[in-house]
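Participant: Got a predicted model here, sequence first, then my questions.
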Amino acid sequence: VAAPQRLLPDACLLRLYAAFKQATVGPAPPRSGQLDPKKRAKWQAWDAVRSLDIREARHLYCTLVTQFSAAAAAATPTRGGQPPTPTPKPTSA
């Protein structure tokens, strides 16, 4: 089974993570010896936005979601190069 294809690169995911954590938790806690590269990258991204207050972090998160959603939608392949066919609405009898 092939791994699912990601729509967003790791750098975009880290920016989303950092904005979310800053908006919901506040500044990153002091860094302790992190040997796991993934955890270290997440902490560094979060720490990079420590100067944002909650309102700014929420705004950043919403802006990133909007930007990345539009980019992911544009990058999503469609069937036969055609836009998706809308589902017809049921008619009442």
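Facilitator: Done, it's in.
Participant: so where's this structure shaky on pLDDT?
Facilitator: The model of the chain has pLDDT under 70 over residues 1-5, 32-33, 78-93.
Participant: elements contacting the longest helix belonging to it?
Facilitator: Longest helix in the chain by number of residues, with DSSP state H as the criterion: helix 54-75. Using 3 or more Cβ pairs under 8 Å, 6 or more residues apart in numbering; DSSP states H and E, the elements in contact with helix 54-75 are helix 10-24. Placement of C-beta: from N, CA and C, glycine included.
Participant: Go through whatever helix or strand comes next after the helix it packs on and flag the buried ones.
Facilitator: Downstream of helix 10-24, the next assigned helix or strand under DSSP states H and E is helix 37-48. Within helix 37-48, the residues that qualify as buried are 41, 42, 43, 45, 46, 47, counting by 16 or more other Cβ atoms under 10 Å.
Participant: Can you tell me which of the residues you listed is nearest residue 23?
Facilitator: residue 46 (10.7 Å; Cβ to Cβ).
Participant: Quick check: the gap between residue 30 and residue 70.
Facilitator: According to Cβ to Cβ, to the nearest Å, residue 30 and residue 70 sit 36 Å apart.
Participant: These two: which has the busier surroundings?
Facilitator: Remark: of residue 30 and residue 70, residue 70 carries more neighbours, 10 against 7, as counted by other Cβ atoms under 10 Å.
Participant: got a list of what the residue nearest to residue 23 when sequence neighbours are not counted touches?
Facilitator: Nearest residue to residue 23, sequence neighbours excluded (Cβ to Cβ, 6 or more residues apart in numbering): residue 57, at 3.7 Å. Going by Cβ atoms under 8 Å, 6 or more residues apart in numbering, residue 57 touches 19, 22, 23, 49.
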